[in-house]
Each structure stands twice: as C-alpha cells, then as structure tokens.
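Enquirer: could you work out the structure for the sequence below:
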Amino acid sequence: MNMQAIRIHAYGGPEVMQFEELPIPMPAPGEALIRVQTASVNFLDIQHRRGDLVQQAFYKKEGGLKYELPATIGSQCIGIVEALGSGDTPMKIGDRVICGGGGGTYATHVVAPANYLIPVPGELTLEQAAAGLVQGFMAYALTHEAYPIKPGDWCLVHAAAGGVGLFLVQMAKIRGGHVIAVVSTEEKANAAREAGADEIIISTQADFAKEARRITNGRGVNVVYDGVGKDTFEGSLDSLAPRGYLELFGQASGFVPPFDLMTLQEKGSLYINRFSLLYFRDSWQTYAEHFVQWVQEGQVSVKIDRIYPLADAALAHEAFEQRKISGRILLVP
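Expert: Take a look at the predicted model:
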C-alpha cells in the first residue's frame with residue numbers, strides 16, 4: 001500500500017514541495033506507525049524547506065530533522081496509532097497521539113519513536129489538539145516556568161498574533177500580567193486585543209522599545225518573549241527594566257549574532273535565556289490538565305486561521321511566509 005507525502009528534492013521556495021506517493025513504512029522495534037489526521041505548519045518546517053538549518057549543529061545533534069534529500073518535511077501532527085513495532089511501548093493501536101519533534105509529518109502516514117508520542121486528552125477536539133496543544137505548552141513553559149509571571153508584571157510579546165504569541169498573551173493574563181503585544185498590522189492588533197492584550201504596538205508604525213518604555217512610564221518591562229530573533233534582539237534588550245528577562249525562543253528573522261556580555265550589565269543587569277521546550281517535558285501532564293480546563297472555561301481559545309488540503313502545502317507556506325495569518329495553519333490529508 002502507498003501513502004501520500006509532501007517531499008522536497010532540493011532546498012528553496014514553496015515551489016520545491018512536491019506531492020508524491022511512497023510505500024507506507026513499517027515500524028521498527030520501539031516505533032509506531034501513525035495515520036496522520038492533521039499536520040500543523042510551523043516555522044521550523046519553513047526553515048527545513050529552505051535549508052536554513054542544515055548547518056546548525058544543535059538541530060543535527062538533536063537528531064530531529066532529516067537533512068538527506070529527498071525528504072518528507074513537517075515537524076508535528078496529530079494522528080492515530082495504526083501499527084506498532086516489537087517491544088514494550090506506552091501506546092496501543094487506536095490511540096490518538098501528538099507526534100512532534102521529528103520529521104515527515106506532511107504525509108498521510110509517519111513513523112516515530114513510540115516513547116516520544118504524547119496522548120491527546122479526550123476532552124479536546126482534533127482541531128484544538130492540532131492547533132493548540134504543543135504551541136500552548138511552549139507558552140505555558142515560558143510564562144509559568146522559564147519566567148514565571150507575577151501579578152502586576154509588564155510583559156512584551158513579539159509576534160503576538162501568531163500561533164504561540166496568542167497563547168503567550170492569554171497565559172500571561174491568566175498569571176495576572178499586563179501585556180504589551182507587538183504586531184505588524186491593525187488586523188493582527190485586533191486578534192491580540194481579543195486575546196486580552198492591554199496595549200498594542202504596531203511595529204511598522206512605531207519603535208517598539210520606545211513605546212514599551214512610554215507605556216511603563218520609563219521603567220521598561222519585566223520580561224520580553226521574543227520568537228523573532230535577530231531583527232528584534234537589540235530592541236528587546238532596550239525594552240527591559242533593570243534586572244529584566246529576555247526569553248528568546250525562536251529566530252524567525254535569523255539567529256542572533258554573538259554579542260558582548262557586558263551589554264547586559266550596561267543595560268541594567270539583564271538576564272537572557274535561550275529557551276528550549278526539550279527541557280520542560282516533565283511539566284507536560286500538569287500543563288495538559290490546565291490547558292483542558294482553560295479551554296473548557298473559555299480562558300484560552302485556540303485560533304485557527306485556515307486549513308489546507310495536504311496537496312496544497314505550498315499555498316500554506318506562501319501564506320505563512322507572507323505573514324498573512326493570525327493563529328495556526330493546518331494541513332489535512
């Protein structure tokens with residue numbers, strides 16, 4: 001039997017993505033075959049398609065993405081366990097699971113280590129799980145553990161209308177923080193307001209660091225959550241109050257170049273954390289219980305911008321890169 005998949009034979013723009021048929025792989029010992037129900041589009045997928053991460057030693061070391069070409073792209077999906085290799089595993093056939101952190105999820109089937117799969121709470125719909133669980137976990141770890149927001153803290157959230165950004169806004173408000181949302185358009189500003197942002201900065205119209213200081217009466221914010229990277233790094237530091245925290249969790253504009261650590265002293269004894277969700281896995285169960293409760297109580301909403309058929313993955317990538325979206329993009333086989 002065959003499966004369908006989105007493959008790349010060279011790095012480049014969305015046009016390099018091809019819809020192909022391949023034999024369905026069989027799981028080896030310790031692995032599971034997942035029938036994909038929906039795959040999410042992540043910036044990591046864009047970077048993989050473009051070849052941005054080929055030389056990044058961290059990603060090579062973690063062994064997640066496969067860099068040999070041709071390759072099936074995609075880093076995250078929700079699916080049903082269809083077959084198991086030999087050996088003891090925590091999963092059973094028929095379980096609904098999250099498959100993340102690996103590769104090849106833009107497909108009707110994917111093989112993954114069974115121990116890496118995460119069960120999907122039965123209280124969540126397929127769309128809520130696909131669009132929210134993992135991104136919500138990142139926001140939870142950032143706001144509750146990496147820098148635990150205290151009531152009254154001022155927080156600045158970059159790309160606040162994106163998939164992770166909207167969760168950061170909502171969870172910061174749950175913690176009692178005041179949120180300054182940085183967005184690029186008025187349409188995205190509306191999405192951030194709906195999520196609970198107290199103040200909005202449209203980055204194309206104002207200097208976000210100056211505006212953050214104006215809003216906080218010159219002091220600066222307690223924490224900046226920055227998934228943009230290179231283009232916002234200096235401004236993020238300039239937005240912080242003395243002893244403030246920069247939680248850097250992504251590099252949508254590129255990787256931050258090396259800089260002089262004395263800068264942190266000069267700007268107020270600042271802290272920087274290069275966040276990785278890999279080191280917060282032991283918080284998953286607590287988070288999942290909170291997430292279900294928050295969704296049921298209406299404290300957290302999951303915003304899906306659009307859903308594409310798997311065959312139209314190139315259109316999904318175009319929309320993502322052109323920054324036309326607010327919320328999540330999903331692909332459905």
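
Enquirer: when you work out contacts or count neighbours from here on, use the C-alpha atoms and nothing else.
Expert: Will do.

Enquirer: per-residue confidence averaged over the lengthiest helix in the chain?
Expert: If you go by DSSP state H, the chain has its longest helix at helix 126-141. What helix 126-141 shows for mean pLDDT is 91.

Enquirer: residues making contact with that helix?
Expert: For helix 126-141, contacts defined as CA atoms under 8 Å, 6 or more residues apart in numbering pick out 38-40, 77-78, 98, 120, 163-165, 167-168, 171, 277, 280, 283-284, 287-288, 291, 302-304, 328-330.

Enquirer: tabulate the CA atom coordinates of that helix in PDB.
Expert: The C-alpha atoms that make up helix 126-141 are tabulated as PDB, following Å, rounded to 0.1, in the frame of the first residue of the first chain:
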ATOM      1  CA  LEU A 126      -9.000  17.300  16.800                       C
ATOM      2  CA  GLU A 127      -8.600  21.000  15.800                       C
ATOM      3  CA  GLN A 128      -7.900  22.200  19.300                       C
ATOM      4  CA  ALA A 129      -5.300  19.500  19.800                       C
ATOM      5  CA  ALA A 130      -3.600  20.100  16.500                       C
ATOM      6  CA  ALA A 131      -3.600  23.800  16.700                       C
ATOM      7  CA  GLY A 132      -3.100  24.300  20.400                       C
ATOM      8  CA  LEU A 133      -1.500  21.600  22.500                       C
ATOM      9  CA  VAL A 134       2.200  21.900  21.600                       C
ATOM     10  CA  GLN A 135       2.100  25.700  21.000                       C
ATOM     11  CA  GLY A 136       0.200  26.100  24.200                       C
ATOM     12  CA  PHE A 137       2.800  24.000  26.000                       C
ATOM     13  CA  MET A 138       5.500  26.400  24.800                       C
ATOM     14  CA  ALA A 139       3.600  29.400  26.000                       C
ATOM     15  CA  TYR A 140       2.900  27.600  29.300                       C
ATOM     16  CA  ALA A 141       6.500  26.800  29.900                       C
END
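
Enquirer: secondary structure class of A313, three-state.
Expert: Three-state assignment for A313 (DSSP: H, G, I helix; E, B strand; the rest coil): helix.

Enquirer: residues of stretch 3-23 that come out buried?
Expert: Neighbour-count burial for stretch 3-23, counted by 16 or more other CA atoms under 10 Å, picks out 3-8, 11-12, 14, 17-19.
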